[in-house]
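Participant: Structure for the following, please:
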Amino acid sequence: MKKEDPEIIQTLRQEERIGKLHAHTPGKHTIIIPKELEEEPLDSIFTILRHRKEEDIKTIDLGDPIQKYRIIFDNSAVAIMLTDENERIVHWNNYTEQLLGLTREELMMRPVKCLYPPEEWKKIRSENIRQKGIQHHMETKMIRKEGTLIDVDISLSVLKDHIGNVIGSIGIIKDNSQNKQMEQSLRASEEKFIQLYEKAPVPYHTLAPDGTITDVNERWCNLFGCIKEEVIGNPIFDYIHGDEQETAKASFKEKIKSKKSYTGGHERTYIIKNGEPRVFVIHDFFSFNETGGILSVYSTMEDVTGRKKIEEEFHKAHYWLDKKVQERTGDLSKENQVLKKRSNEYKRTIGELHVQLEKIQKSQKKVEQQNARLKKLDHIKSNFLNVTSHELRTSMATIRGYVEVFLMKSLGPITEEQRRGLDVILTNTDRLDQLIQDTVDVSHLESGTMKFIPEKTDISRLIQTATGTIQPMADVKQITIMKEIDENLPEMIIDQERIKQVLVNLLRNAVNVSPEGSRISVKVNKESEEVVFEVRDLGQGIPKNKQKKIFDIVYQIDSGIENLGFTIAQGVVLSHGGNIWVDSEQGKGSIFRFTLPIAPLYDQEGKNQKSCYL
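Facilitator: This is a model prediction of the structure:
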């Protein structure tokens, strides 16, 4: 057995010598080894591997030395490949497929040079391994199936027959990627340490265990007025003040004996090149070898010369300062106790908050479940409301039709008292029909299902139509409707009927609250990028604390307001990207204003071009 052989070859040689690995396999399959090859164990092994059939594995006797070899070969933690005399792959172990990501079909009889980058294969061939016979631990790269490169360490041995002819080779391949990464990280770490050492803002020196200087950084050289070559090799004690040299030597020896990695800072007086004494606080850090012996001493130097002078100047005040410090320490101790108490309270509070959070999370789940049920109920409500409103309005239409027939005396003459009663029925029928329509509109706004049909709209004509609708109601109370419309208003893309509905609702409210014989004004003008609409009445006004609430449906219901027009107006305006509000002073009337952007929120196909406000 040769010492320079790889471990796997040594194992194979030993197995061959002890167990005759070329022995026959049980059963009908027998591998015949020529007598002239029996003297060369590796030749016989290679013959076995070249002629081995896959089906032979099932018939191998567990006591057969060949099976022992196959276990060693197939379960090795390194890749092992054998090539023939033409450098084609003829056998390999399981780890080879795992390392290279290749299948059996992809490896069989493949030229081994295909597994290496061209430049790496040239490097391997340049080693002239066929003549050497063996090459240990060659670092190179191999190509995985997906094309990535991996760092490997290979050992190659040439296989020859009994007369010296090359019949193949065996390669032991170890994945070296992790070691390479570790080496790169180590080099980066070392470079960083050197940079930190050299460029540190404080003086550093490195000592041997006998106190000889082995390295200093730039700051040390600048402070002492020396260059590295003048310093390295000298005892550090040569730079210490003469009065302290012996003490420094004794202290250093004690620290070496203690074998502690850090022994605390100490003051020492050094003499720099110009002869000036300077006081430093020295921190020594010790590094050890594997047996616990000290390798080096790394020392930082903090220049405290100025601080020492200041300490001397304030020495007389030290006693009083110390006293104050003690008093303050007592106060801080008390405060610390208070803080600890508060900290405990905070911890208890946090614990309680966690409990509350769990409760909130459980409640949240319940709320989510309830929301799901409410959505379902809301859907049922909407369907019910749509069906009910349709049925009610159909009935209202029938009632209105019969009342109008009676009033036209088509079914016979009626008395004056009957006519007044029919007028009351007709008025309340119209009122109920409007309330049903308003209720449906509010429901659609809340659910976001109200449909808008945008179209180019002449604002002046829209105002005329809205005031014309409400004029009969105003005439009953002899109320005059004044209009002031900007002549330069642009055409706007809006839902004409819905904006008309907003104006009619505001005008109807103005007529209702205004005294008989008064005046209502409607004003429209362009301001910047929007059009402002204004309806002014001379009613009693709205209290300041209720001006924002009147658009809220909940407030209107709680207040017993029968007209839902304010809520509908707000929903329509916001859906167009505008805003609506009221300015009012009790006893002086109210001014309702709303704005619409000139840039349309909807295109002419009814698609929302910006985020919807509802």
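
Participant: Averaged over its residues, which helix or strand of this structure has the lowest pLDDT?
Facilitator: Within the chain, judged by mean pLDDT, DSSP states H and E, the helix or strand with the poorest mean is helix 35-38; its value is a mean of 46.

Participant: Could you list the buried residues of the host helix or strand of Val511?
Facilitator: Val511 belongs to helix 496-513 when assigned by DSSP states H and E. By neighbour count on 16 or more other CB atoms under 10 Å, the buried set for helix 496-513 is 496, 498-511, 513. No exception for glycine: its C-beta is placed from N, CA and C like everyone else's.

Participant: How about stretch 241-253?
Facilitator: Buried residues in stretch 241-253, defined by neighbour count with 16+ other CB under 10 Å: 248, 251-252.

Participant: Can you tell me which of those residues end up in helices?
Facilitator: With helices taken from DSSP state H, the overlap with those comprises 248, 251-252.

Participant: Any chance of a markdown table for those residues, columns distance to Leu99 and pLDDT?
Facilitator: Formatted as a markdown table, these follow (distance: CB to CB, whole Å; pLDDT from 0 to 100):
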| residue | distance to Leu99 | pLDDT |
| --- | --- | --- |
| Ala248 | 58 | 90 |
| Ser251 | 57 | 90 |
| Phe252 | 53 | 90 |
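
Participant: Tabulate these (JSON lines), appending distance to Met482.
Facilitator: Output for those, formatted as JSON lines (distance: CB to CB, whole Å):
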{"residue": "Ala248", "distance to Met482": "105"}
{"residue": "Ser251", "distance to Met482": "105"}
{"residue": "Phe252", "distance to Met482": "106"}
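
Participant: quick one: which of these is nearest Glu313?
Facilitator: Nearest to Glu313 among these: Ala248, at 27.0 Å, using CB to CB.

Participant: And that closest one, how far from Cys221?
Facilitator: Separation of Ala248 from Cys221 (CB to CB, to the nearest Å) stands at 21 Å.

Participant: and Ser76, which of the three is it?
Facilitator: At Ser76, secondary structure determined by DSSP: H, G, I helix; E, B strand; the rest coil is coil.

Participant: Mind giving me the packing neighbours of the helix holding Val511?
Facilitator: On a contact count with 3 or more CB pairs under 8 Å, 6 or more residues apart in numbering; DSSP states H and E, helix 496-513 meets strand 455-457, helix 459-476, strand 519-527, strand 530-536, helix 565-575, strand 590-597.

Participant: rerun that using 6 Å as the cut-off
Facilitator: With contacts defined as 3 or more CB pairs under 6 Å, 6 or more residues apart in numbering; DSSP states H and E, helix 496-513 has these neighbours: helix 459-476, helix 565-575.

Participant: and of those helices, who's closest to Asp74?
Facilitator: helix 565-575 (75.7 Å).

Participant: Can I get that closest one in CSV, CA atoms only?
Facilitator: Extracted in CSV, the C-alpha atoms of helix 565-575 (Å, rounded to 0.1, in the frame of the first residue of the first chain):
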residue,chain,number,x,y,z
GLY,A,565,-84.5,65.1,-0.1
PHE,A,566,-81.4,66.3,1.8
THR,A,567,-79.9,62.8,2.1
ILE,A,568,-80.6,62.0,-1.6
ALA,A,569,-79.1,65.4,-2.7
GLN,A,570,-76.0,64.7,-0.7
GLY,A,571,-75.6,61.2,-2.2
VAL,A,572,-76.1,62.3,-5.8
VAL,A,573,-73.7,65.3,-5.4
LEU,A,574,-71.0,63.2,-3.8
SER,A,575,-71.4,60.5,-6.5
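
Participant: tell me the contacts of Thr300?
Facilitator: Contacts here follow CB atoms under 6 Å, 6 or more residues apart in numbering; on that basis Thr300 touches 202, 204, 283.

Participant: Name the helix or strand for it, please.
Facilitator: Using DSSP H and E, Thr300 falls in strand 294-303.

Participant: continuing past the biggest helix by length in the chain, what's the next helix or strand?
Facilitator: Using DSSP H to define each element, the chain has its longest helix at helix 318-407. Downstream of helix 318-407, the next assigned helix or strand under DSSP H and E is helix 416-447.

Participant: Having no further points to raise, I will conclude here.
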